[in-house]
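Peer 1: Build me a structure from this.
(chains A, B, C and D)
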Protein chains: 4
Amino acid sequence: MQRKVRIAVIGTGRMGSVHVRNLARKIPEADLAAICDIRLEVAQPLADELGIPRVVKDYHELLADKSIEAVLIASSTDTHWFMIKDAAEAGKAIFSEKPLALDVESIDVALNAVKKAGVKLQVGFNRRFDHSFQRVREIVASGELGRPCILHIISRDPEVPNIDFMRVSGGMFLDMSIHDFDMARFQIGEIEEVYAVGNILIDDRLKEFGDVDTSLVTLKFANGAIGMIDNSRQAVFGYDQRLEVFCLDGTAVADNEVENTVRKGDRSGFHSARIPHFFMQRYAPCYVHEVRQFIECVREDKPVPVSGEDGRKAVVIGHAAWRSLRENRPVKISEYD
Amino acid sequence: MQRKVRIAVIGTGRMGSVHVRNLARKIPEADLAAICDIRLEVAQPLADELGIPRVVKDYHELLADKSIEAVLIASSTDTHWFMIKDAAEAGKAIFSEKPLALDVESIDVALNAVKKAGVKLQVGFNRRFDHSFQRVREIVASGELGRPCILHIISRDPEVPNIDFMRVSGGMFLDMSIHDFDMARFQIGEIEEVYAVGNILIDDRLKEFGDVDTSLVTLKFANGAIGMIDNSRQAVFGYDQRLEVFCLDGTAVADNEVENTVRKGDRSGFHSARIPHFFMQRYAPCYVHEVRQFIECVREDKPVPVSGEDGRKAVVIGHAAWRSLRENRPVKISEYD
Amino acid sequence: MQRKVRIAVIGTGRMGSVHVRNLARKIPEADLAAICDIRLEVAQPLADELGIPRVVKDYHELLADKSIEAVLIASSTDTHWFMIKDAAEAGKAIFSEKPLALDVESIDVALNAVKKAGVKLQVGFNRRFDHSFQRVREIVASGELGRPCILHIISRDPEVPNIDFMRVSGGMFLDMSIHDFDMARFQIGEIEEVYAVGNILIDDRLKEFGDVDTSLVTLKFANGAIGMIDNSRQAVFGYDQRLEVFCLDGTAVADNEVENTVRKGDRSGFHSARIPHFFMQRYAPCYVHEVRQFIECVREDKPVPVSGEDGRKAVVIGHAAWRSLRENRPVKISEYD
Amino acid sequence: MQRKVRIAVIGTGRMGSVHVRNLARKIPEADLAAICDIRLEVAQPLADELGIPRVVKDYHELLADKSIEAVLIASSTDTHWFMIKDAAEAGKAIFSEKPLALDVESIDVALNAVKKAGVKLQVGFNRRFDHSFQRVREIVASGELGRPCILHIISRDPEVPNIDFMRVSGGMFLDMSIHDFDMARFQIGEIEEVYAVGNILIDDRLKEFGDVDTSLVTLKFANGAIGMIDNSRQAVFGYDQRLEVFCLDGTAVADNEVENTVRKGDRSGFHSARIPHFFMQRYAPCYVHEVRQFIECVREDKPVPVSGEDGRKAVVIGHAAWRSLRENRPVKISEYD
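Peer 2: Coordinates of the predicted model:
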């Protein structure tokens, strides 16, 4: 029997608790040694429920524990960069939720520390682990459809999040589209230029901090392909997650999943179910797969599937999209070199 | 330029007028010489509209006209058999609507006359000309899916027809399922035994003449395959016409067509259009194809695609289904030899 | 926090190990106290992996343990009936895999013991817990589509099982269709008469013990509806599990699930994934739901969702189907009263 | 019986012959008086086949004929504008194929003549008459889905046309996207700004005249909505024609039609047919509907459904798209005022 990887989770909020549950129940290769949250009242019941032996308030305690090999960082966005830095300096393998930071400077501090320490860092771009998006990539990568020409990503949330979160989230392109920028790179490769349009069509409160709730971002890829990302903060029929890679000799389309397969026919036609409500439903298996793969990479000392550089690039593209929207012009990614 | 086949149509009611319009406008290889109906007030305006040169009340006039090569019989069911006989004796090529007759004896009189005269007779089993059902047959016949094991036919009308028509129609199995018996033979081959169940679940008025409005007929084929026909007189969402041939190495399924391809998504899920309302919508192209092919067979002296024997067999199976339902036992087709 | 139900599992083979894993990891309301298998070499590693405190070889040990409130029986079919009897006499709540037995007499012995002891007995008809089939039932039960007229169940395994298993399985109608007989009762209600046809079209080895691999069973329901069950031992494209309840004012159709949502378009058309391979993939959530609901019923002393009587009826219908096939006649269920 | 509209067709090439056949056979409200083509050898056989009484080489002859009320112009693109002008001056109602001209100046000459003469002019944007696109518009216009937020149009030809045609066609945005610009206006309303990206990914011969074969055009609408048009010259699986209007309270999606409804399942999954090959297959009914509606507008003196101004606007947007692509910047439509 293979050894288990001893890991601790920092942050037990919405995403953190998902990772904690997965590590405790669904990833037998991991040994969940401890969880950490400044809100002990949140972390303790979770530990009790799952039989996790240790709960701490200060993440430095975990970093100081030599028996812990890896940490999963799922605390609030503004803390990711320095926790990564600290964890790297403590020699831990690191899995961090996205985004690494909202500003590129902080990311660079974190990545330099990681590089210097020679530790592994994987970023939580969970959608790369979706079986349908992976199948599209596999088809395209096989070459059977020839050169990729056009990429389409539709990615719409079911409802506008809490306005206080919105205010600090980095806005449409750094909070939401960032997943799609990464998906675009995953499917096609490097992006050279973006052009973003957007508007407030759903929630006027966004005006006060300059965000948009509806956007289209055009992408030019280094290999000549072009692409388009469609984002909205409100799709009342569920979490709208679709993708197409249109190629010279065919196309590969990943459609939405369905809540159930029932069609009801009546005098007015046919009626079918909503699509899964949000990311917890649609991407539940991805959260397991990504961490499971991280654990395996740590255990077998293999390169991680989503690098710190991938995390950085998505943020850079997000900034370029914001600049494009604000200046109403195409923006080259090289402006950020 | 090839010669045209001079043809006349007998009967200008619902089906007759469809054939008249198709011959006049969509089948350039035909020369529609005349139409016949005892109700001149129905036939004359149709002839005027389409520029058909001749209208007669008595079909014998057409049979006497040596310049007319073929007749299409679309008069009421009870007249088919003797018109076929008369037309055969007059040496005409014959296209007759289904059923050839409700009783096998009359059919035999007609078929004997056809045989004796050596003329062509094609029966109007229009569904054989549907592009999806043909595609299924092509797939199955190619052998790529291996031996056919199970046949499913779902065939449901949108609404109960006029009760006066129902009374004389031959009932579920001779009026409606007859199409499906023919389709079963078209897809799989000869039927050896049937078992029918049925009930009145829609329209209680059917009780008075012993008809059913809902039925399932089990089929045993000579080649060992088994099959099932599902019929209903009322599908409120449209004309439900589906088919599956399940084989040893796969399956071929023909689904319903759609009225339009629009899906509307809202809070309650997704909504799509009804299926085509009835046979005039769903099978419109088949009515052209079947007659066009008949015309071609006449012109080039080739065997017709749906023979008189096919027409007879479907009626025999219909009678067997009725006997099965009434006696609640499986009935061998050989009981009718 | 609510008390947990202490339960033990008897039998850790294919189905048993599924239940063991679910109880250990996915059903927090259960306290998995012990597992039992005559093959200790199978049970022990499972217990080690999941941290189950006790492993026994003889199920009587578990029945003697007063701290154990419930047992889940997933041993081989021929043992179900007497284990149920013994467990009932020991006062345990019982969850038993289907079928309760292959012969009705043994079932009656078991059910009498259950009745006398006044314990709960739930039968493992997992498909009743499928979200799509439940949704169909919910739609039909709401009455919005009017009276149910026709039921269709398509239920085809991906591949012929091991021939040694086949030999003792009870054959098509008691091993495989039994699920569909229960589903038919779940969707529509009591069955009064069956007519079965079947054939060996896939695997000639079945001849030696009189089984079939392809069958159609016609059902007459007490409420006047009619139905059809389509079974095959080999669907090469996956585990084909579909259902339609066609009603007076509409229809409710549960289609297959998909392995992924990708469609690939190329010169020859569009290509999509296989359906889930077999029951472990398609019905994985059902195995959790059914046992979770059983645990809840025990904990809160509520009636179980699938009764011993349900288990008995499905077996009776299976026998009627065999008699129908062998005698080639419709068979009334009342012949078994 | 209502009077017929006497009409003549100018140009009997690919599109012209479609209109001629439709007028002769499918639009009973029209009286096709004559057809005109400088290639008499093309027009004469068509007239013979369809029984059209008159064939002329010079369109002035038709304009001089007082008995002719309307003309349908389907000659080569460069002739549309002056034929419209001449026809207007002769007092004819005019149906013209798109584009009215490749340059806005010529269009203005034509439109001024039309305005001065007070005659009707309808432009051949056939897709407005597609039943699915009309259904989307109807849903959106009903307001039930709330404000439109995002428009997507996917419009891809099956194969690169003849290179000689490409050279004079006006290129991607004036030949092909022009239909989509009109569809965007039809669905959402006026466009204020465009941004186009494009590339040569399919056929390198396009380099010599500066065309592209793959493009994405971002649209900003006056009402705040945003949109995207996806065009390609080669979709090997057929004529890819899809549309989505995503709204505040839902979405309306028109998917592709299918060649047939058959799905074949085998070991590798499910396989379905290509989509209709090209516009002649997909939009065949639209060509009838648009002209039929034109005839009705002439007969009953109603406003035409697609105006000369609609024809002009699509060309202006096409020019803006070209400017945007060449200068790599968003271009306001108001630059063309």
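Peer 1: quick one: A:G13 and chain B, what's the gap?
Peer 2: Distance of A:G13 to chain B, given as Cβ to the nearest Cβ, to the nearest Å: 28 Å. The C-beta positions use only the backbone N, C-alpha and C, and glycine is treated the same way.
Peer 1: bridging residues for A:R242?
Peer 2: A:I154 (DSSP bridges).
Peer 1: Need the residue closest to the centroid of chain A.
Peer 2: Taking Cα atoms, centre = their mean, the centroid of chain A lies closest to A:F125, which sits 3.1 Å from it.
Peer 1: Nearest residue to it in space, please, no chain neighbours.
Peer 2: A:D182 (4.5 Å; Cβ to Cβ, 6 or more residues apart in numbering or on different chains).
Peer 1: picking that back up, so who does the residue nearest to the centre of chain A touch?
Peer 2: Residues counted as contacts of A:F125 (Cβ atoms under 8 Å, 6 or more residues apart in numbering or on different chains) are A:K98, A:H179, A:D182, A:M183, A:F186, A:E290, A:V306, A:D310, A:G311, A:A314.
Peer 1: what's the average pLDDT for stretch A:153-164?
Peer 2: For stretch A:153-164, the mean pLDDT works out to 95.
Peer 1: Over to stretch A:190-199?
Peer 2: What stretch A:190-199 shows for mean pLDDT is 98.
Peer 1: Could you list the alpha-carbon positions for that stretch in CSV?
Peer 2: Extracted in CSV, the C-alpha atoms of stretch A:190-199 (Å, rounded to 0.1, in the frame of the first residue of the first chain):
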residue,chain,number,x,y,z
GLU,A,190,-1.4,31.5,-25.5
ILE,A,191,-3.5,34.6,-25.8
GLU,A,192,-1.9,37.7,-27.4
GLU,A,193,-4.6,40.3,-27.4
VAL,A,194,-8.0,40.9,-25.9
TYR,A,195,-10.9,43.3,-26.6
ALA,A,196,-13.7,43.5,-24.0
VAL,A,197,-17.1,45.0,-24.2
GLY,A,198,-19.5,45.0,-21.2
ASN,A,199,-22.4,46.7,-19.7
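Peer 1: Can you tell me how far the residue nearest to the centre of chain A is from chain B?
Peer 2: Using Cβ to the nearest Cβ, A:F125 is found at 27 Å from chain B.
Peer 1: How many residues are close by A:H60?
Peer 2: A:H60 is flanked by 13 other residues according to other Cβ atoms under 10 Å in any protein chain shown.
Peer 1: which secondary structure element contains A:W322?
Peer 2: For A:W322, the host element (DSSP states H and E) is helix A:308-327.
Peer 1: distance between that helix and the chain's centre?
Peer 2: Taking the mean of its C-alpha atoms, helix A:308-327 sits 14 Å from the chain's own mean (Cα atoms, centre = their mean, to the nearest Å).
Peer 1: Who are the packing partners of the next helix or strand along the chain from it?
Peer 2: Using DSSP H and E, the helix or strand that directly follows helix A:308-327 along the chain is strand A:331-332. Applying 3 or more Cβ pairs under 8 Å, 6 or more residues apart in numbering or on different chains; DSSP states H and E, one finds that strand A:331-332 contacts strand A:191-199, helix A:308-327.
Peer 1: Enumerate the residues of the stretch 201-337 of chain A near chain C.
Peer 2: Contact residues, the stretch 201-337 of chain A versus chain C (Cβ under 8 Å from any Cβ of the partner chain): A:249-257, A:259-267, A:273.
Peer 1: Tell me how far the nearest residue to A:D175 once chain neighbours are set aside lies from B:A196.
Peer 2: Leaving aside its chain neighbours, A:D175 sits nearest to A:S169 (3.8 Å; criterion: Cβ to Cβ, 6+ apart). Look at A:S169 and B:A196: by Cβ to Cβ, to the nearest Å, they are 65 Å apart.
Peer 1: The two - which one has more neighbours?
Peer 2: The neighbour comparison of A:S169 against B:A196 (other Cβ under 10 Å) goes to B:A196, with 30 against 18.
Peer 1: Let's verify the residue in the stretch 101-250 of chain A positioned nearest to chain B: helix, strand, or coil?
Peer 2: Using Cβ to the nearest Cβ, the closest approach of the stretch 101-250 of chain A to chain B is made by A:F237 at 3.7 Å. Secondary structure, DSSP: H, G, I helix; E, B strand; the rest coil: A:F237 is coil.
Peer 1: got the contact list for it?
Peer 2: A:R274, A:I275, B:G265, B:D266, B:R267, B:G269, B:F270, D:G250, D:T251.
Peer 1: my read: the second one touches A:E257, true?
Peer 2: Yes: with contacts counted by Cβ atoms under 8 Å, A:I275 reaches A:E257, the gap being 6.3 Å.
Peer 1: low-confidence ranges in chain A?
Peer 2: A:1 (pLDDT under 70).
Peer 1: How about the residues of it by chain B?
Peer 2: A:235-237, A:259, A:265-274.
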